[in-house]
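In: Mind folding the following:
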Amino acid sequence: MSGKARRRQLVTVDDARPAKGQHRRPCSDCPWARTALPGWLADMTPEEWIASAHGETRMECHTLLGAECAGAAIYRANVCKRVRDPDALQLPKDTTAVFATHAEFLGHHRRGPDRVIVDTKVTPLEEEFAHLARRWKKETAHLASAVRMAEHPAYREIIAMGDAAVPLLLRELERRPDHWFIALRRITGADPVSQSARGDVRKMADAWIAWGKSRATASDPARAT
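Out: Next comes the predicted model:
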């Protein structure tokens, strides 16, 4: 043994401790660090993390309460992203410790048990969708009414994307079922959810996912073989 202490990983928000000051290096569980455990992103997708980093909001450290994420600040420097907030944490570039591009981040965190997804290109539409979806989830978390959730400006912007948003919405349902059903109904005019499934988010999501797959098969019969 080398005698060096292993860094603690798999730290959740519940394990966070008060920060003694603002750190300037990635914390033990920083998703932006090259040493990050693949896929350890709490309840956000890799695309949502990228959209957040390329947005204008401050990014807080999930292991040190009251501190900003040093890894995110370094990543922003690596990709030449400067937020408008003059008080937001700014740190020098470091492509050795922190991912240098969004493609590197996505390639690392999209890893599955048997493969790594090679296609790491994220379109502007996907980034915008991820940003809006994250904003919607954050700002409607206190609401119990799906109708009221659908009135949120970010939700309405997603609906305004039209057909282009449908595969993104279906992919989101596969990852994490949520109240995207009103958006799908308004965009497509379809409603594949049976009466018995209404009120059960998981079953409603499954119905829409099955609908999406059947539509894809209908448009491309080769998929059925």
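
In: Show me which residues of the top helix by length along the chain are buried.
Out: The longest helix of the chain (DSSP state H) is helix 201-219. For helix 201-219, the neighbour count (16 or more other CB atoms under 10 Å) marks Met204, Ala205, Asp206, Ala207, Trp208, Ile209, Trp211, Gly212 as buried. Bear in mind the C-beta positions are built from the backbone N, C-alpha and C, glycine included.

In: Check those residues and tell me the two furthest apart.
Out: Comparing all pairs in the buried residues of helix 201-219 by CB to CB, the longest separation belongs to Met204 and Gly212, at 13.0 Å.

In: domain assignment for the protein?
Out: Residue ranges for the domains of the chain, per automatic domain parsing: 12-121, 124-217.

In: and the ones you listed, which one is worst for confidence?
Out: When these are compared by mean pLDDT, domain 12-121 comes last with a mean of 84.

In: chain center to it: distance?
Out: 12 Å (CA atoms, centre = their mean, to the nearest Å).

In: cool, and stretch 194-208?
Out: On the basis of CA atoms, centre = their mean, stretch 194-208 is displaced by 24 Å from the centre of the chain it belongs to.

In: same check, this time on stretch 173-192
Out: Remark: stretch 173-192 is offset 18 Å from the chain centroid, using CA atoms, centre = their mean.

In: Over to Glu60: give its phi and psi.
Out: In terms of degrees, to the nearest 10, the main-chain angles of Glu60 are phi -90, psi 150.

In: residues in contact with it?
Out: Neighbouring residues of Glu60 by CB atoms under 8 Å, 6 or more residues apart in numbering: Ala67, Glu68, Cys69.

In: Select from the residues you listed the one having the most neighbours.
Out: Comparing these by number of neighbours (other CB atoms under 10 Å), Cys69 comes first, having 25 neighbours.

In: which ones are touching that one?
Out: Cys69 makes contact with Cys27, Cys30, Trp32, Met59, Glu60, Cys61, His62, Leu89, according to CB under 8 Å, 6+ apart.

In: Identify the residue nearest the first one in space, chain neighbours excluded?
Out: Across the structure, with CB to CB, 6 or more residues apart in numbering as the measure, the residue nearest Cys27 apart from its sequence neighbours is Thr63 (4.7 Å).

In: Using JSON lines, please lay out the contacts of Cys69 together with distance to Val166 and secondary structure.
Out: Output for the contacts of Cys69, formatted as JSON lines (distance: CB to CB, whole Å; DSSP: H, G, I helix; E, B strand; the rest coil):
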{"residue": "Cys27", "distance to Val166": "38", "secondary structure": "coil"}
{"residue": "Cys30", "distance to Val166": "34", "secondary structure": "coil"}
{"residue": "Trp32", "distance to Val166": "31", "secondary structure": "coil"}
{"residue": "Met59", "distance to Val166": "30", "secondary structure": "coil"}
{"residue": "Glu60", "distance to Val166": "33", "secondary structure": "strand"}
{"residue": "Cys61", "distance to Val166": "36", "secondary structure": "coil"}
{"residue": "His62", "distance to Val166": "32", "secondary structure": "coil"}
{"residue": "Leu89", "distance to Val166": "37", "secondary structure": "coil"}
